[in-house]
Structures are given as C-alpha cells and as structure tokens.
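**Q** Would you be able to build a 3D model of this:
(one chain, ligands or ions: 2)
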Amino acid sequence: MSEENEALIVIDVQNDFCPGGALAVPGGDEIVPGINALMQDGPAVILTQDWHPAGHSSFASSHEGRAPFETVQMPYGPQVLWPDHCIQESDGAAFHPGLQTRPAQAVIRKGFRPGIDSYSAFFENDHETPTGLDGLLKDRGITRLVCVGLATDFCVGWSALDAAKLGYDVTVRTDLCRAIDLEGSLDAALSDMKQAGVRIA
Ligand code: VGL
Ligand code: ZN
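**A** Ligands and ions are numbered 1, 2, ... in the order given. Model (predicted):
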C-alpha cells in the first residue's frame, strides 16, 4: 500500500496522444496497463486532461502560414504549435478507453483558456496562472508525487519541474511515460528534471 501522503498524477492519457490520435505519442497506449496497476496500490489518484476549445492559440491552424511543430512567440513566451488536439468533448479528448478512471479522486482540466496553453498540471504556460492542483494537494497533506503519462518532455516534464519547485518530493516513472521528442526535447526535459531534484525511475 502507498502512504497517506502520496498521490499518483496521471497526465493526459487521452486518445489524441495515443496511436491513431491527432498528436500521437509513439507507444502512448503501452503505458495504460502499468498505470492501472499502480492505482491499485491505493495512492490518491489525480488525472489531468488536456481540454482545448476549438481554435485554441496553441494550434498551428490558428496561426496563418504556420505549420505544426513550429515555435512562435506568445505574450507569455515561446510556444510550440500543435496539430488541433484534445478539443473539448471530442473523442480525442477522452481518456484512453483502457485507462481506469474510477479510482480518480479529481480530474484537473487544463488548456481551456483560448489564449494560453497549459502543459503543467500546476501552472499555465506563463508559469503564473495556477490550475488549483497545488492547493488541492496541500489541503490534503500530500507531499509525495509519482508522475506518469504523456508526454514525458512536455506535460509530464513541466508538471514535475513545477512540483519540485513547489516543494513536493517528485518521482517520474519514465517506464510509464512516453515522449514526443522534438529536437532533443526529451534529453533536455530529463536533464532539467534531474537538476531540479526530480527522481527519475
Ligand atoms: C501535450 C502538447 C500539447 C502533452 C499537450 O500532454 O504533453 N503536449 N498539449
Ligand atoms: Zn494541448
């Protein structure tokens, strides 16, 4: 059994990030059985769900002349442009059908503000606007986090870095994550996480 003060943060295990989805992460579906198994250890389970309105500013289709995977400058900093994905209420935004959702005690939706993306489960991409997850965890006395999901180098990595900054004891189970790996983004994320004191397991 896991400790009272431990939460499992399951990041963006959604159809659009799995093979066949709009922003498919290679092997994204392979992690589902292992994540389900971890839930059985009894930690508090929190799911995150990328949840964009149509026409979201992180979509290349919202920027004339731009293609997916290019980077643009937004008022809050650089932003990679993505194919349209995880549109609110679409099948692509649904959790992978094999993912157990019954053990989830909370679902944190993110990326719902049209003008700003939100990779991290804690803050939007301005690194300032909170999602409320920190308050939820702290209110419940949770101090230790295990992070799994998609994608290692974007939403998982940014979440783990913010969690470490906020003072949590953070482990990323890389065997239960998969990466997009754009121009070295996976190596960069792993080294940033190590530097921040995140345990890579
Ligand atoms: C993600 C890109 C865009 C992720 C979400 O879950 O890692 N990546 N939106
Ligand atoms: Zn997104």
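**Q** how close does the residue most central in space within the chain get to ligand 2?
**A** To find the centre residue of the chain, average its C-alpha atoms and take the closest one (C-alpha atoms, centre = their mean): that gives residue 155, at 3.3 Å. Noted for residue 155: a distance of 8 Å to ligand 2, by C-beta to the ion, to the nearest Å. Where you see a C-beta, it was placed from the backbone N, CA and C, and this is true even at glycine.
**Q** pretty sure that residue belongs to a helix, no?
**A** Yes - the secondary structure assignment for residue 155 places it in a helix, going by DSSP: H, G, I helix; E, B strand; the rest coil.
**Q** thinking it is in contact with residue 10, fair?
**A** No - using C-beta atoms under 8 Å as the test, residue 155 is too far from residue 10 to be in contact (10.9 Å).
**Q** Find residues that contact each of the two.
**A** Common contacts of residue 155 and residue 10, defined by C-beta atoms under 8 Å, 6 or more residues apart in numbering, comprise 48, 149.
**Q** what residues are up against the residue nearest to the centre of the chain?
**A** Residue 155 is in contact with 11-12, 48, 50, 119-121, 149, counting by C-beta under 8 Å, 6+ apart.
**Q** Give me the contacts around the longest helix along the chain.
**A** Counting residues, the longest helix in the chain under DSSP state H turns out to be helix 185-195. Contacts of helix 185-195 from elsewhere in the structure, counted by C-beta under 8 Å, 6+ apart, are 152-154, 156-157, 160-161, 164, 172, 174, 179-180, 200.
**Q** Kindly recompute the last result at 6 Å.
**A** Contact with helix 185-195 is made by 153, 157, 160, 179, as judged by C-beta atoms under 6 Å, 6 or more residues apart in numbering.
**Q** same thing with stretch 87-105?
**A** For stretch 87-105, the surrounding residues in contact (C-beta under 6 Å, 6+ apart) are 13-16, 18, 21-22, 32, 36, 39, 44-45, 47, 51-54, 86.
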